[in-house]
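Undergrad: Task: produce atomic coordinates for the following.
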Amino acid sequence: MAKFGIVQMTSGADPEINLKHLKMKLKGLQLQGAKLVVTPENCLVFGSREDYFAHAEPLAEGPLQAQVAALAKQLGIWVLIGSMPIRQLDGAITSTALLFDDHGQLQGHYDKLHMFDVEIDDAHHSYRESDTFRAGRETKVIATPFGNIGLSICYDVRFPQLYAALREQGADIIVVPAAFTKVTGKAHWELLLRARAVETQCWMVAAAQWGEHNEQRETWGHSMIVDPWGQVVACQQQGTGVMVADVDLDLSKAIRTNMPLVEHARFSVQQREG
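TA: Residues are numbered from 1 along each chain as shown. The predicted structure is shown next:
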């Protein structure tokens, strides 16, 4: 059993302001005994296409990643940066989750697979994530002292095939850093997280953005931890803040033993290219 923490944020375009807020929250979670902390999507930079390109860094290089690594080492906790812009060798950028261990070492990363290119009935209306980011190509499960952690980001949660693949690769816990819109979050956020938990029999640790980021962008919040039976064990509905909960893998084992879904499954998952 390990204590996981979540930071709920209202990030903006200035990474220094976001980092100042994040540092304060991480210190508080460390004092509460959290061993691993999950932050939202776009936690370090949440702005325009120009903002993402201006602050993008090569993987494992750059001042933003260095500051997070130093903080993880200082506090002795694992930190999952829900996403930040990472510059690839060809100049394209990806929306990338980064997992740092308690020594400040980068243990793994994940480039968001599914781009949020949709029309929503809100002030922003048209979302075209692929105009800024290039979609990732690989699923990722990372071994940690707290269990095998499957990585996903926001819009990914609407694609159960990805979560089935993470379970097949040995995930015990799946993180879902997000910036769900207020409209889609109200309709589907909790429903999707609980469904993915029940289907995969994994813990879901979902850190969300909350509130008004600019005149057109408002996010839903409701960060939560959901157990493998689909029960919400902790939730931060509104406001910025932190929460902690115990993630018990013995519960996962019991549920998987009593209802062996993987053994009963008659369909396999294949990833489509592109």
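Undergrad: Which helix or which strand is home to the nearest residue to residue 32 once chain neighbours are set aside?
TA: Once flanking residues are discounted, residue 32 sits nearest to residue 244: 5.1 Å by CB to CB, 6 or more residues apart in numbering. C-beta here means a position set from N, CA and C on the backbone, and glycine is covered the same way. Assigned by DSSP states H and E, residue 244 belongs to strand 241-247.
Undergrad: excluding its backbone neighbours, what's nearest residue 250?
TA: residue 1 (7.3 Å).
Undergrad: so who does that neighbour touch?
TA: 246-250 (CB atoms under 8 Å, 6 or more residues apart in numbering).
Undergrad: In this protein, where's the longest helix?
TA: In the chain, taking DSSP state H as the definition, the longest helix is helix 15-31.
Undergrad: For that helix, give the mean pLDDT please.
TA: Here helix 15-31 scores 98 as its mean pLDDT.
Undergrad: Which residues outside that helix are in contact with it?
TA: Residues contacting helix 15-31 (CB under 8 Å, 6+ apart): 5, 7, 9, 11-12, 37, 39, 43-46, 55, 64, 67-68, 71, 75-77, 79, 240-242, 244.
Undergrad: From those, list the buried ones, please.
TA: 5, 7, 9, 11-12, 37, 39, 43-46, 55, 64, 67-68, 71, 75, 77, 79, 240-242, 244 (16 or more other CB atoms under 10 Å).
Undergrad: How much space separates the residue nearest to residue 250 from residue 69?
TA: 27 Å (CB to CB, to the nearest Å).
Undergrad: Next: residue 122.
TA: Separation of residue 122 from residue 69 (CB to CB) stands at 36 Å.
Undergrad: can you check residue 179 too?
TA: Counting by CB to CB, the gap from residue 179 to residue 69 is 23 Å.
Undergrad: And the helices in the stretch 51-200 of the chain, which stretches?
TA: 63-75, 160-168, 182-184, 190-200 (DSSP state H, counting those that start in this stretch).
Undergrad: So what touches the longest one?
TA: By that I understand helix 63-75. Taking CB under 8 Å, 6+ apart as the rule, helix 63-75 contacts 15, 19, 23, 26-27, 30, 44, 55, 57, 78-79, 81, 84, 98, 100-106.
Undergrad: still on that earlier bit, neighbour count for residue 122 and residue 69, which is higher?
TA: residue 69 (20 against 14; other CB atoms under 10 Å).
Undergrad: ok, back up a step: quick one, which of the contacts of helix 63-75 are buried?
TA: Of the contacts of helix 63-75, these count as buried by 16+ other CB under 10 Å: 15, 19, 23, 26, 30, 44, 55, 57, 78-79, 81, 84, 98, 100-102, 104, 106.
Undergrad: right, and residue 215 touches residue 122 too?
TA: No: Residue 215 is beyond contact range of residue 122, at 11.5 Å (criterion: CB atoms under 8 Å).
Undergrad: the strands in the stretch 51-200 of the chain, which residues?
TA: Using DSSP state E, counting those that start in this stretch, the strands of the stretch 51-200 of the chain run over 57-58, 78-87, 93-100, 106-111, 117-119, 126-128, 141-144, 147-151, 173-175.
Undergrad: could these be laid out in CSV, adding distance to residue 260?
TA: As requested, the strands of the stretch 51-200 of the chain are exported to CSV (distance: least, CB to CB, whole Å):
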stretch, distance to residue 260
strand 57-58, 43
strand 78-87, 29
strand 93-100, 29
strand 106-111, 28
strand 117-119, 36
strand 126-128, 39
strand 141-144, 20
strand 147-151, 18
strand 173-175, 19
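Undergrad: and those as a markdown table, adding mean pLDDT and distance to residue 183?
TA: What follows is the strands of the stretch 51-200 of the chain, written out as a markdown table (pLDDT from 0 to 100; distance: least, CB to CB, whole Å):
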| stretch | mean pLDDT | distance to residue 183 |
| --- | --- | --- |
| strand 57-58 | 98 | 32 |
| strand 78-87 | 98 | 20 |
| strand 93-100 | 98 | 21 |
| strand 106-111 | 98 | 26 |
| strand 117-119 | 95 | 11 |
| strand 126-128 | 94 | 11 |
| strand 141-144 | 98 | 31 |
| strand 147-151 | 98 | 26 |
| strand 173-175 | 99 | 23 |
